[in-house]
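[1] Fold the following, please.
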Amino acid sequence: MNILLLEDNKKLNQTISKRLKLKGYKVDSYEDGNEAYNNITEGFSCFILDINVPNIDGIKILKKIREFYDEVPVIIISASIELEVIKESYKFGCSDYLKKPFFIDELEIKVERLCKIKNDLIYFDENCYFDYKSSVVYLNNEQQRLTKKERLLMNLFLTKRNQVLSYDTIQNYVWEGSFASLESIRSLIRRLRKVLSNKYIETVVDTGYIFKTT
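    Numbers count the residues shown, from 1 in each chain. As a prediction, the model looks like this:
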């Protein structure tokens with residue numbers, strides 16, 4: 001998923017960008033409102049906008065975004081606690097409003113929730129994508145519906161893309177706290193790998209697995 005980030009505080013911009021990239025998102029970040037404004041039509045799946053930025057403020061950019069995208073999530077991050085500013089943000093179509101200072105974890109949760117709701121199709125590359133709603137993987141124009149455990153494992157990988165997942169983490173999430181043998185986990189991994197033509201899922205010796213996408 002492609003995210004446009006507009007935040008004029010350089011340190012905060014870098015912190016948000018780094019965290020989202022670790023989660024597997026592609027982030028185009030800007031500190032200047034005019035630069036962000038000129039790039040909003042580049043096919044983004046989510047926008048994160050500060051309001052008080054140089055040249056063009058976040059509200060004006062929000063209005064412009066809604067001329068092109070009706071449903072794409074837009075999260076406003078701002079130090080303003082004025083009710084009129086918050087009302088105006090929602091009036092012009094923001095999906096959520098996060099007041100500064102905030103925990104990066106909270107922003108991450110909002111991005112995951114909104115992107116999951118608004119973007120049922122999750123692309124791994126141009127030939128492979130996953131439909132959240134139907135639990136179907138599409139690969140080279142062929143489709144395969146996932147079982148419940150395969151779907152849970154896929155969801156876990158997608159929320160922890162490019163991060164190592166331990167056997168315990170997989171067991172607790174997919175088996176919902178019940179015991180699962182190492183062979184059961186490996187068998188599930190093999191099945192999902194087969195669906196994905198043995199792409200994306202890599203073994204981390206003696207630790208677990210990592211789901212790698214660009």
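[2] helix, strand or coil for residue 39?
    Counting by DSSP: H, G, I helix; E, B strand; the rest coil, the backbone at residue 39 sits in coil.
[3] What values do phi and psi take at it?
    For residue 39, the backbone dihedrals (degrees, to the nearest 10) come out as phi -120, psi 10.
[4] what's the least confident helix or strand in this structure, going by average pLDDT?
    In the chain, no helix or strand scores lower on mean pLDDT, DSSP states H and E than strand 121-125, which sits at a mean of 75.
[5] what about residue 194, neighbour count?
    Counted with other CB atoms under 10 Å, residues neighbouring residue 194 total 10. For every residue, glycine as well, the C-beta is placed using N, CA and C.
[6] The helix or strand hosting residue 129 pairs with which strands, and in what direction?
    Here residue 129, judged by DSSP states H and E, is contained in strand 128-131. Next to strand 128-131 in the sheet, as set by DSSP bridges, lie strand 121-125 (antiparallel), strand 136-139 (antiparallel).
[7] so what pLDDT did the residue nearest the centre of the chain get?
    Nearest residue to the geometric centre of the chain (CA atoms, centre = their mean): residue 112, 4.8 Å. Looking at residue 112, its pLDDT reads 83.
[8] And it, which helix or strand is it part of?
    Going by DSSP H and E, residue 112 is part of helix 104-118.
[9] For this structure, which segments count as strands?
    Taking DSSP state E, the strands of the chain run over residues 2-6, 26-30, 46-50, 74-78, 96-99, 121-125, 128-131, 136-139, 142-145, 164-166, 201-204, 208-211.
[10] circling back: list of residues touching the least confident helix or strand of the chain?
    Applying CB atoms under 8 Å, 6 or more residues apart in numbering, the external contacts of strand 121-125 come out as 1, 129-132, 158, 196, 199-200, 213-214.
[11] May I see the buried residues of it?
    For strand 121-125, burial by neighbour count (16 or more other CB atoms under 10 Å) applies to 122, 124.
[12] Could you give the bridge partners of residue 208?
    residue 166, residue 204.
[13] and the helix holding residue 112, what does it pack onto?
    If you count contacts as 3 or more CB pairs under 8 Å, 6 or more residues apart in numbering; DSSP states H and E, helix 104-118 packs onto helix 10-22, strand 46-50, strand 74-78, strand 96-99.
[14] try 10 Å
    The contact analysis (3 or more CB pairs under 10 Å, 6 or more residues apart in numbering; DSSP states H and E) places helix 104-118 against helix 10-22, strand 46-50, strand 74-78, strand 96-99, helix 148-159.
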